[in-house]
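Trainee: below: sequence and its predicted model.
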Amino acid sequence: MLKKKKLTIIFIAMMLIFTLAGCGSKNTNEVVSAVSPDPTTSTEVPVATDAGLKGDFEIQYFVGGYGDTWWKETIEEFQKANPELSIKQSAGAVINDQMKPRWIQGDPPDIVYIDGAGSNPRQMIEDDQLMDITDWIKDAKNVDGEKILDIMISQPEVYGERVYNVPLVFGAYGNFYNKTLFEKNGWEAPVDYDSFLKVSEKIKAAGISPYVHAGVYPEYIHGGFLFPAIISANGDNGDILKDMGDLKEGVFKSEPVLTALNQLNEVSKLGYIDQASPAINHTDSQMLFLQDKAAFNPNGLWLESEMKNDTPADFKFGYIPSFTQAKDGKYIAFPYTSTMAIAKKAKNPDAAKAFIQFIFTKNHSLSWAEITGALMNVKVDLESSNAGDVAKTAMQFFNSDNTLVPPVTEFNPDVRKVMSDSTIALTQGNITPEQWAERVEAASAKARK
């Protein structure tokens, strides 16, 4: 399943039953107003006033698996808080294609939710369509007085030291296992690379493949194994992925990358990767996993809901963001997100900034989870909720200081293809880690030209 499709099915089984106290009803009488005299550079944030926002304000959002209920309800709350604001909603399943001519002609909406077919944040930045919000977002607070960056699970991606969009929807890759199978055999879930190797040896001795992945879609093993391993080897510093995304010369031959590649190579040589992996897709790998023919499966947080009709009754999903870290190292949760951005040529940038501050709250995060079944990019406590076990476990990791969630990284498509092909070749033993690095570095050099 392609990445865009994944985002539309995340956590559908997580239909949370939250009390909606404060989810807009608490603050409908509070009026928010933006006061930035220069919307491209000012760090001032909206404050409560009696006047409220005025003028026309257009919001563009894609309607896919998450539906449009949350958007309609939240925008209605924002409208009540600003009765003199004239809000237009441009939304739908093909809205990105419909609005493209306006973006090209320089007549965009004020704010856009970047998701679905026909959307690409990096391309919009390269086309100079999005506002630089670097200085504003670093100090911006939501309507509850909380600094927005402080309550985010995943921080905004930085492009050339600048920020142009903020993650709204959050998900993460990781490694899944069957708690029932582990309890039955007395196996302990790994907490680092050494314990992963030790338990994999026991699993293989029991006649079960330790690790199965979707070779047709290498992003699964990248997100669950390779990229976390690179960050761990880089001293828990996720900046190296940014260097990879920016095609920094020499980064693909760097020591952290080679260390991670050697880990993957070792796991392959030990016979811990199911031999079927290179040729199968995500569904096939997930079925082998659910049938206990493989103990671990790198995947995204959508896995539980996607396979709910095929999951055995006694199967209990366990989730670990990563196990490639050294002893006492941080867990690395490699994220995927869908973002929001303000148009560079927005006609009402004050309202656009105020809308971001209005929606990035814990109450709106809870309502998003209840309505869509997915996670919004705001840390919340799910323990007292009716969320599924995977959701609660994942959020425990995300809320922990012992888990690092690096910013999302977008790769050049040509480099990504070479990287993916090289990773599968490495797991098959057809190339060495050094050859992987040479191939990807060459592709990076070509893309830079």
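Mentor: Yes, it's here.

Trainee: wait, what's in contact with the closest residue to residue 216 other than its chain neighbours?
Mentor: Closest residue to residue 216 apart from its sequence neighbours, by C-beta to C-beta, 6 or more residues apart in numbering: residue 281 at 4.4 Å. Yep, even glycine has a C-beta here, placed from its N, CA and C like the rest. By C-beta atoms under 8 Å, 6 or more residues apart in numbering, residue 281 lies in contact with 214, 216, 217.

Trainee: next, format those residues as TSV and append distance to residue 224.
Mentor: Shown next, in TSV, are those (distance: C-beta to C-beta, whole Å):
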residue	distance to residue 224
214	10
216	15
217	11
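
Trainee: tell me how far the residue nearest to residue 216 lies from residue 426.
Mentor: Separation of residue 281 from residue 426 (C-beta to C-beta, to the nearest Å): 19 Å.

Trainee: and residue 177, by the same measure?
Mentor: Relative to residue 426, and taking C-beta to C-beta, residue 177 is found at 23 Å.

Trainee: now do residue 329
Mentor: Using C-beta to C-beta, residue 329 is found at 23 Å from residue 426.

Trainee: would you map the helices across the stretch 201-350 of the chain?
Mentor: 219-221, 227-233, 239-245, 255-269, 282-290, 303-306, 349-359 (DSSP state H, counting those that start in this stretch).

Trainee: related to what we said a few turns ago, by neighbour count, which of the contacts of residue 281 wins?
Mentor: residue 214 (23 neighbours; other C-beta atoms under 10 Å).

Trainee: what's near enough to touch that one?
Mentor: By C-beta under 8 Å, 6+ apart, residue 214 lies in contact with 220, 221, 277, 280, 281, 282, 284, 285, 286.

Trainee: quick one: pLDDT of the third one?
Mentor: pLDDT recorded at residue 277 is 97.

Trainee: quick one: contacts for it?
Mentor: Contacts of residue 277 by C-beta under 8 Å, 6+ apart are 211, 212, 213, 214, 215, 285, 427.

Trainee: tell me where the stretch 101-250 of the chain has strands.
Mentor: Listed in chain order, the strands of the stretch 101-250 of the chain (DSSP state E, counting those that start in this stretch) span 111-114, 165-178, 209-211.

Trainee: output the contacting helices and strands for the first one.
Mentor: Meaning strand 111-114. For strand 111-114, the elements it packs on are strand 55-62, strand 335-342, helix 349-359, judged by 3 or more C-beta pairs under 8 Å, 6 or more residues apart in numbering; DSSP states H and E.

Trainee: run the chain-centre distance for the helix or strand harbouring residue 418.
Mentor: For residue 418, the element it lies in under DSSP states H and E is helix 413-427. Relative to its chain's centre, helix 413-427 lies at 21 Å (C-alpha atoms, centre = their mean, to the nearest Å).

Trainee: I'd like the numbering to begin with 165 instead of 1 from here.
Mentor: Shifting the count to begin at 165 puts that one at helix 577-591.

Trainee: contacting residues around whichever helix or strand comes after it?
Mentor: Counting by DSSP H and E, the next helix or strand C-terminal to helix 577-591 is helix 597-612. Helix 597-612 has contacts (C-beta under 8 Å, 6+ apart) with 411, 413-417, 421-422, 425-426, 428-429, 576, 578-579, 581-583, 586-587, 589-590, 595.

Trainee: show me where pLDDT drops low in the stretch 265-414 of the chain?
Mentor: Within the stretch 265-414 of the chain, no stretch has pLDDT under 70.

Trainee: how close does the spatially closest residue to residue 249 that is not a sequence neighbour get to residue 527?
Mentor: Among residues not flanking residue 249 along the chain, residue 217 sits closest, at 4.5 Å (C-beta to C-beta, 6+ apart). Per C-beta to C-beta, residue 217 is found 20 Å from residue 527.

Trainee: more crowded one of those two?
Mentor: residue 217 (26 against 22).

Trainee: for that one, phi and psi?
Mentor: phi -80, psi 150 (degrees, to the nearest 10).

Trainee: and residue 566, how far from residue 488?
Mentor: For residue 566, the distance to residue 488 - C-beta to C-beta - is 15 Å.

Trainee: for residue 273, give its distance to residue 303.
Mentor: Distance from residue 273 to residue 303, by C-beta to C-beta: 25 Å.

Trainee: repeat that for residue 608.
Mentor: Residue 608 is 35 Å from residue 303, by C-beta to C-beta.

Trainee: neighbour count for those two, which is higher?
Mentor: Shown here are residue 608 and residue 303; by other C-beta under 10 Å, residue 608 has more neighbours (24 against 13).

Trainee: contacting residues for the nearest residue to that one once chain neighbours are set aside?
Mentor: In this structure, residue 608 finds its nearest non-sequential neighbour in residue 411, 4.5 Å apart by C-beta to C-beta, 6+ apart. By C-beta under 8 Å, 6+ apart, the contact list for residue 411 reads 576, 579, 608, 611, 612.

Trainee: most neighbours among the residues you listed, which one?
Mentor: residue 608 (24 neighbours).

Trainee: from residue 469, how far out is that residue?
Mentor: From residue 608 to residue 469 the distance is 36 Å (C-beta to C-beta).

Trainee: and if you look at residue 441?
Mentor: 23 Å.
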